[in-house]
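> The sequence and its predicted three-dimensional model are supplied below.
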There are 2 protein chains.
Amino acid sequence: MVGVHELDQATELDIMLTRMQELVIQFIKQGQDEITPVVKYRSPEELYKAMDFHLPLKGTGIEGTFDLVKSTLEYSVNSWNPRFMDKLYAGTNPIGVIAELLLAVLNSNVHVYQVSPVLTLMEISVTKAVASLLDMGENGGGLLCPGGSASNLLALVTARNHLFPSIKSEGYFPRPFNPASAYGKLIVFTSLHSHYSIDKSAQVMGLGTNNIVKVPVDAIGRMKVDELERLIKLSIEKGETPFFINATAGTTVLGAFDPIRAISSIAKRYKCWLHVDGSWGGTAVFSDRVKEEKDWFDGSGLADTFTLNPHKLLGVPLQCSMLVTPHKAHLLFAQANSLKADYLFHGNPYDLGAGTIGCGRRPDAAKVFLAWKFYGQQGLGDRVDKAIETAQRFTNMVRERPHFKLVVDPSPFLQVCFWFIPPKVTVDISHITRELHRRVNQSGEFLVDHAPLRDVPDFFRIVINAPTVHLRDLERLLVAIEEANASIDWETINIT
Amino acid sequence: MVGVHELDQATELDIMLTRMQELVIQFIKQGQDEITPVVKYRSPEELYKAMDFHLPLKGTGIEGTFDLVKSTLEYSVNSWNPRFMDKLYAGTNPIGVIAELLLAVLNSNVHVYQVSPVLTLMEISVTKAVASLLDMGENGGGLLCPGGSASNLLALVTARNHLFPSIKSEGYFPRPFNPASAYGKLIVFTSLHSHYSIDKSAQVMGLGTNNIVKVPVDAIGRMKVDELERLIKLSIEKGETPFFINATAGTTVLGAFDPIRAISSIAKRYKCWLHVDGSWGGTAVFSDRVKEEKDWFDGSGLADTFTLNPHKLLGVPLQCSMLVTPHKAHLLFAQANSLKADYLFHGNPYDLGAGTIGCGRRPDAAKVFLAWKFYGQQGLGDRVDKAIETAQRFTNMVRERPHFKLVVDPSPFLQVCFWFIPPKVTVDISHITRELHRRVNQSGEFLVDHAPLRDVPDFFRIVINAPTVHLRDLERLLVAIEEANASIDWETINIT
């Protein structure tokens, strides 16, 4: 066994990187052949037996660690496999891996410029460039946050502190304690189909989930603007203070894009902050074709803040999320969020940490920066276009196949949502979906998801994202669902 | 130029990893020789000229990207250099790099078990093992969060929602709006020297920074427990509701450990949640010697929540922070934080995301899990012991040297804080510190920090962390400060 402390760090890492490279390349090849399953699924109980999760007193060094690395690869989901269509992220790509390796070696922190000069300028450059794609003008820019939920939380906190600065120091408890405070009860508006991180952020902030008004959506899942206005008026009549509207660019389940320009008019009229949660669909703005042919980003420059997650649609490794704004980003976020922390911040405007909710921060911007340099905006846009085209073709495939029924036709974006409805069966469709889903996933051939939605039975939600996903895989998925159905006698099965 | 789309992903990554390995090993060797500076410092203006931050329409492929990787390494801080002593983190180590590479290749997400089975069990195992080191009993466990500030925020939100469940849905605005609500004005207690993330979290939550009571500290920076009780009583007399006490294990500037057991008695008496922010000092619990010889962790099992950042003292790559609790972790965090998000969470108790503030989450637990397997608890503890010993020796070195004066003697933990006081000089000591600091850092030979503290002039704060830091480097630092001083005529210099 090679000892832990006998080698200098460079030599030790050299040996380990060489071994790791072999494992990594093998893993990717397995992910992209047509035989290997997406995952060798084990329940927690089985997995505790298959692997050693005990944390030892004495180290196991290189050999023990590589045994562990191998079994981690063996029992993990292989997201390089295009048949992983379960979530809104897919596998990454070579430049993604290289970028993470670079960040690992630098082990840097983008709170102050002094310790991360290059990575700070990458963050400033890439958020400015994204803001520019969103037509946010020359003051546009932003900050990276540890995930879409964190970006949405930063947006809400920034909006609240910007509109009601006294809350930062006094909280919701003005001195002297006065129920008829200057602002009253703060209300958030977001669509019925928006992501739950808006609710979570509001509850974190002490606004209360009951003070989030859910605006109805139209037939394809977009916020109804007339309903938004009606509900805002109602709230004002009740003496409340509407202050924040969240529009969604690419909803989580169906993939709908709320009409930003129309919502922006309402926001202006009622002096609300307009945030767009584009965690899923926001990076479609990299595609010039999308900007020409779709209205998804019409009015994007009118938003006050906008969340985008390059770690979803662009294949940048998790986590990579940003919050951009047309209002001078550094000033906006720092004024809303900074506290005097003299030990760390010595007044440098390049010290980006002052505008964040956290303190230390991973340099996630470098990953989207490097992907952009590597593929160009066009290459990233091509990836988006390809996913849209594949989703359209798959939608057609589902429409034409007997017993399959689309939830929304055509699919608004990259999620293809459908039921399989066996003929002459009286069992509840939600139960059928869940049982078929369980069987399809258990084989490991595919990893797909099912989803509920108000008022309709649960359905399959297939996410088209990876550029490697192929129509023959998608056809095979439909066959796998049919095969699972054929193996079940619905009238006698005990559904768990 | 090798084209972007001409190679399959495995081949492309294979080529890039081979090139990357050479650059990485060279970078580490440079970091650990005695000649290369910590950083080739460039101001933002200079750096914009030295590197190309333009984001192109067309991709630059492998060649263009590697030019960029090379210049990123060239102008970044080399944290492998033991003379990087600026912040509470240091460089990582080989297993840290390998762990990040593994996570990059997996590109996984620990929100639900289905997509990250191995990484989920690693998180459960490692948080249980850490809770056990903290004497939290058999129910102990926790969650990883994207940084110490995020862990502290999760602790505050969990405490608030656990103690006052109605706030989750109603916010601080009970229906009907009633100033004499069940809870009143919520007050947080923390020491004068605690980290600003407590303040930031409270402002995010709408508690208001003015409702954070700063408890005085003793001569070496520990919270005064009698003052804590006096201030809580005062708050109750004013009709407020004290609910949260933050004790710090390893303060940011001086490195003091608040007495947990004594604070815990107060917390129990006044029905407050006891949180320990051990972002910096918490992982010293890996050292058996610390647990035997110091009282730092006396009573740690009595805390309700405890933050630790393996990315600081243990050399795990940034970000790696956890919040542990003796109260059944899954139930506690999920009850306090989960919302119904049926599309994602289908009721599996191994779906850890339900207890977090975010949604998707990096599998950061795997990094500390792998470091623990590689080095063992003993190896990680040895690292802590070595840092403590080096800090003690460096403290002695500073004490004995003319014109240097320790801010606290002996240094409570791993920060050695001192002034250089030139004889017969009338200039303000803070100015002297800042000017000497600027000159020492500008050479790139060292990267160290200076810090302010209430009531005393700014001083040097040297953080001992990396196991590679050597006493001769520390002696050389003192000489470099003396040389910088010798080059200045303090009475005539214009200090910026």
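Right, received. Where do you want to start? Numbers count the residues shown, from 1 in each chain, chains lettered A, B, ... in the order given.
> A:Phe286 contacts A:Tyr375, doesn't it?
No. A:Phe286 is beyond contact range of A:Tyr375, at 9.4 Å (criterion: CB atoms under 8 Å). Just so you know, the C-beta spots here come from the backbone N, C-alpha and C atoms, and that holds for glycine as well.
> shared neighbours of the two, which are they?
A:Arg383 (CB atoms under 8 Å, 6 or more residues apart in numbering or on different chains).
> Enumerate the residues of the stretch 151-300 of chain A near chain B.
Residues of the stretch 151-300 of chain A lying close to chain B (CB under 8 Å from any CB of the partner chain) are A:153, A:157, A:160-161, A:167-173, A:175, A:177-179, A:185-186, A:195-197, A:199-200, A:202-211, A:252-253.
> Now, of these, which are buried?
Buried residues within these, defined by neighbour count using 16 or more other CB atoms under 10 Å in any protein chain shown: A:153, A:157, A:160-161, A:167-173, A:185-186, A:195-197, A:199-200, A:202-211, A:252-253.
> Looking at those, which are in helices?
A:153, A:157, A:160-161, A:167-170, A:196-197, A:199-200, A:202-204 (DSSP state H).
> For the stretch 201-350 of chain A, which segments are assigned as strands?
Assigned strands in the stretch 201-350 of chain A, in chain order: A:212-215, A:241-248, A:273-278, A:305-308, A:321-325 (criterion: DSSP state E, counting those that start in this stretch).
> Please name whichever of those is nearest to A:Met51.
strand A:321-325 (30.7 Å; CB to CB).
> List the strands paired with the closest one, with their directions.
strand A:141-145 (antiparallel), strand A:305-308 (antiparallel) (DSSP bridges).
> Between the ones you listed, which one is closest to B:Trp296.
When these are compared by CB to CB, strand A:141-145 sits nearest B:Trp296, at 32.8 Å.
> just checking, what packs against the helix or strand where A:Gly376 lies?
Following DSSP states H and E, one finds A:Gly376 within helix A:365-400. Judged by 3 or more CB pairs under 8 Å, 6 or more residues apart in numbering or on different chains; DSSP states H and E, the packing partners of helix A:365-400 are helix A:94-106, helix A:117-133, helix A:288-293, helix A:310-313, strand A:404-406, strand A:415-420, helix A:471-486, helix B:61-75.
> mind redoing it with 7 Å?
helix A:94-106, helix A:117-133, helix A:288-293, strand A:404-406, strand A:415-420, helix A:471-486, helix B:61-75 (3 or more CB pairs under 7 Å, 6 or more residues apart in numbering or on different chains; DSSP states H and E).
> May I see these arranged in TSV, with mean pLDDT and mean neighbour count as well?
Shown next, in TSV, are the helices and strands packed on helix A:365-400 (pLDDT from 0 to 100; neighbours: other CB atoms under 10 Å in any protein chain shown):
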stretch	mean pLDDT	mean neighbour count
helix A:94-106	98	26
helix A:117-133	97	24
helix A:288-293	97	14
strand A:404-406	98	16
strand A:415-420	97	25
helix A:471-486	96	16
helix B:61-75	95	18
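> wait, which of these is closest to A:Leu453?
Of those, the one closest to A:Leu453 (CB to CB) turns out to be strand A:415-420, at 8.3 Å.
> Of all the helices and strands packed on helix A:365-400, which one is nearest B:Val276?
Of all those, helix A:94-106 comes closest under CB to CB, at 29.0 Å.
> and the angle from that closest one to helix A:117-133?
Here helix A:94-106 points in a direction 140 degrees away from that of helix A:117-133 (axes from the mean of the first three to the mean of the last three CA atoms, to 10 degrees).
> Mind checking if helix A:94-106 is in reach of chain B?
Yes. Judged by CB under 7 Å from any CB of the partner chain, helix A:94-106 comes into contact with chain B through A:Pro94, A:Ile95, A:Gly96, A:Val97, A:Ile98, A:Glu100, A:Leu101, A:Leu102, A:Ala104, A:Val105, A:Leu106.
> Report the contact partners of the first one.
By CB atoms under 7 Å, 6 or more residues apart in numbering or on different chains, A:Pro94 lies in contact with B:Gln9, B:Glu12, B:Leu13, B:Met16.
> What's the PyMOL syntax to select whichever of the residues you listed are buried?
In PyMOL syntax, the buried subset of the contacts of A:Pro94 is picked out as below (16+ other CB under 10 Å):
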select buried, chain B and resi 9+12+13+16
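> For burial, what's the neighbour tally of the closest residue to A:Phe164 other than its chain neighbours?
Leaving aside its sequence neighbours, A:Phe164 sits nearest to A:Tyr183 (CB to CB, 6 or more residues apart in numbering or on different chains; 4.8 Å). Around A:Tyr183 there are 15 other residues, counting by other CB atoms under 10 Å in any protein chain shown.
> Check the one 4 residues further on too.
Using other CB under 10 Å as the criterion, A:Ile187 is surrounded by 26 other residues.
> Kindly state the beta-bridge partners for it.
Here A:Ile187, judged by DSSP bridges, has bridge partners A:Pro242.
> I figured it was touching A:Asn211, is that so?
Yes. In terms of CB atoms under 7 Å, A:Ile187 counts as a neighbour of A:Asn211; the distance is 5.3 Å.
> Could you list the low-pLDDT ranges of the stretch 51-200 of chain A?
A:173-182 (pLDDT under 70).
> The stretch 251-400 of chain A too?
Filtered on pLDDT under 70, the stretch 251-400 of chain A yields the residue ranges A:340-347.
> Give the full set of residues in contact with A:Glu100.
Here A:Glu100 is in contact with A:Pro317, A:Lys367, B:Glu100, B:Leu101, B:Ala104 (CB under 7 Å, 6+ apart).
> From those residues, pick the one nearest B:Thr36.
Lowest distance from B:Thr36 to these (CB to CB) belongs to B:Glu100, with 22.9 Å.
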